[in-house]
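Colleague: Need coordinates for the below:
(one chain, ligands or ions: 1)
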Amino acid sequence: MQYPDIQFDPLFTWFNRPRIMYSPGIRKELGFEMGQLGGTKVVIFTDKGIVNAGVADMVIEAVKGSDLKLVGVFDDIVQDARIDIINRGAVFYREKGADCMIALGGGSVMDTAKAVNILVGMGENDFQPLAEMAALWEGAKPLPPHIALPTTAGTASEVTNAIVVLDTSQGVKLAVTHPYNADVAMLDPELTVKLPAKITAFTGMDALTHAVEGITSTGAEPIADAMGLHAIRLIFKYLPIAVKEPGNIEARGHMQIASTLAGLCFGNTMTGAVHATAHALGGKYGVPHGLGNGIMLPVVMEFNVEAAPLRFLMIADAMGINVKGMDPIRAGKKAVKAVRDLKKDIGLTETLADLNIPKKKKDLMKVVEAAAGDSQISYNPRYLEEADIYKLYIKAFK
Ligand SMILES: [Fe+2]
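Modeller: Numbers count the residues shown, from 1 in each chain. From the prediction side, this is the model:
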């Protein structure tokens, strides 16, 4: 497809951290790379699922074969980066006398670890007031050495400077950014082969949502377009294979690369109404982030097509749809159908009804209000009133 007459804001900045290393087995370089960063005593931040699956042992073995000293494994992280657990993580890090960290896990683990490193680096004990500040850029200083190894292919927290934390006292998710994210992102697809099919599917939908929303965001720009469009190509080719053949390293590797590319895309341009509505479902009802995105993505895309037709034309093309000579809005609608077909193919058939989300207007309006107040809603290419958000949720019940 020829490049369309696409518009973007003439002022944008491109944030470019961390260093990214890719290879099956790249974890064996952990000791050397941490040594280069000046780290000597490491704490691994992870969760019990990763420990029980034997994935933490793969990384512990790699650390033990190096000069890096393992001083502790903090595996109390649960779904979503909870402020109480972040604070406990910082206590653990200090008690163990660590001077560097490895984050091993999905988005909840990597976000928790990022927040712990901010507490340690800033000499603070409580993340709550920092979370409420949202942007921690003024006077920000480099943080202790931090290497992130994702065990899912979706969140891309290993490359973004954003942290989404759950404030359990209010049931809301807060997004915080700090310019010093991980120093190195190590993409080792061998760490993802034990991921169950369902989680592979919905974390893959998170990656797809990052790419689609990153390309259609009000902050869209050409560097992010390049990242997001290639992520879409890879996801449409390799996500079904990764779901059906969990041990396929080629598919797992391409999905990790796709996730990272999509993260670089949205990390610079932000997201939109899919993330806002999914965050609200997560905050109020504990819906896993990728699943919430997977449910909301086609519904929100349908709503947005007419607001950014040329952007959806590029997206349709990247999905493999033959858009030559096609009206951009028609191409965008075909892209929506392609997402629905992909979801079926990977077994993601859930609706909000299946998740027992209360449909009564009085209850649903609480979720609508949370979505309307979410920072990501302002980047959506089409303006939404609360009534629009309500309609989107209603459509997601079937
Ligand atoms: Fe996401």
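
Colleague: and residue 137, how many neighbours does it have?
Modeller: Residue 137 has 11 neighbouring residues, counting by other C-beta atoms under 10 Å. All C-beta spots, glycine's among them, are computed from the backbone N, C-alpha and C.

Colleague: The one 3 residues further on now?
Modeller: Applying other C-beta under 10 Å, we find 16 other residues in the vicinity of residue 140.

Colleague: can you pull out the helices in the stretch 251-398 of the chain?
Modeller: Taking DSSP state H, counting those that start in this stretch as the test, the helices found in the stretch 251-398 of the chain are 273-285, 289-304, 309-318, 328-345, 361-372, 386-395.

Colleague: mind checking how far the residue with the largest distance to the centre of the chain is from residue 337?
Modeller: Taking C-alpha atoms, centre = their mean as the measure, the residue most remote from the mean C-alpha position of the chain is residue 325, 34.2 Å away. Distance, residue 325 to residue 337, using C-beta to C-beta, to the nearest Å: 18 Å.

Colleague: contact partners of stretch 282-293?
Modeller: Under the contact criterion C-beta atoms under 8 Å, 6 or more residues apart in numbering, stretch 282-293 has outside partners 79-80, 107, 154-155, 164, 166, 171-173, 199, 202-206, 209, 274-275, 277-279, 281, 295, 348, 350, 355, 357, 366-367, 370.

Colleague: Below-threshold pLDDT in the protein: ranges please.
Modeller: Scanning the chain for pLDDT under 70 picks out nothing.

Colleague: Could you break it into its assigned domains?
Modeller: Split into domains by automatic domain parsing, the chain comes to 19-192, 197-395.

Colleague: Run a quick neighbour tally on residue 309.
Modeller: 16.

Colleague: try residue 326
Modeller: By other C-beta under 10 Å, the residues close to residue 326 number 16.

Colleague: Report the contact partners of it.
Modeller: 313, 316, 334.

Colleague: Of those residues, which is the nearest to residue 241?
Modeller: Relative to residue 241, the closest of the contacts of residue 326 is residue 316; by C-beta to C-beta it sits at 21.4 Å.

Colleague: residue contacts, residue 64?
Modeller: Going by C-beta under 8 Å, 6+ apart, residue 64 touches residue 70.

Colleague: Turn the contacts of residue 326 into a markdown table, columns for neighbour count and distance to residue 394.
Modeller: Formatted as a markdown table, the contacts of residue 326 follow (neighbours: other C-beta atoms under 10 Å; distance: C-beta to C-beta, whole Å):
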| residue | neighbour count | distance to residue 394 |
| --- | --- | --- |
| 313 | 25 | 28 |
| 316 | 26 | 26 |
| 334 | 19 | 24 |
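
Colleague: Tell me the one among the residues you listed nearest to residue 66.
Modeller: Nearest to residue 66 among the contacts of residue 326 is residue 316, at 46.6 Å by C-beta to C-beta.

Colleague: Could you check how far the closest one is from residue 308?
Modeller: For residue 316, the distance to residue 308 equals 12 Å [C-beta to C-beta].

Colleague: most centrally placed residue in this protein?
Modeller: residue 155 (2.2 Å).

Colleague: Need phi/psi at it.
Modeller: Main-chain torsions, residue 155, degrees, to the nearest 10: phi -60, psi -40.

Colleague: who are the neighbours in contact with it?
Modeller: By C-beta under 8 Å, 6+ apart, the neighbours of residue 155 are 106-107, 110-111, 203, 206, 259, 263, 289-290.

Colleague: Residue 387: which of these is nearest?
Modeller: residue 289 (25.2 Å).

Colleague: any idea how far that closest one is from residue 274?
Modeller: For residue 289 relative to residue 274 (C-beta to C-beta), the value is 11 Å.

Colleague: the more surrounded of the two?
Modeller: Taking other C-beta under 10 Å, residue 289 and residue 274 do not tie; residue 274 has more neighbours (31 against 26).
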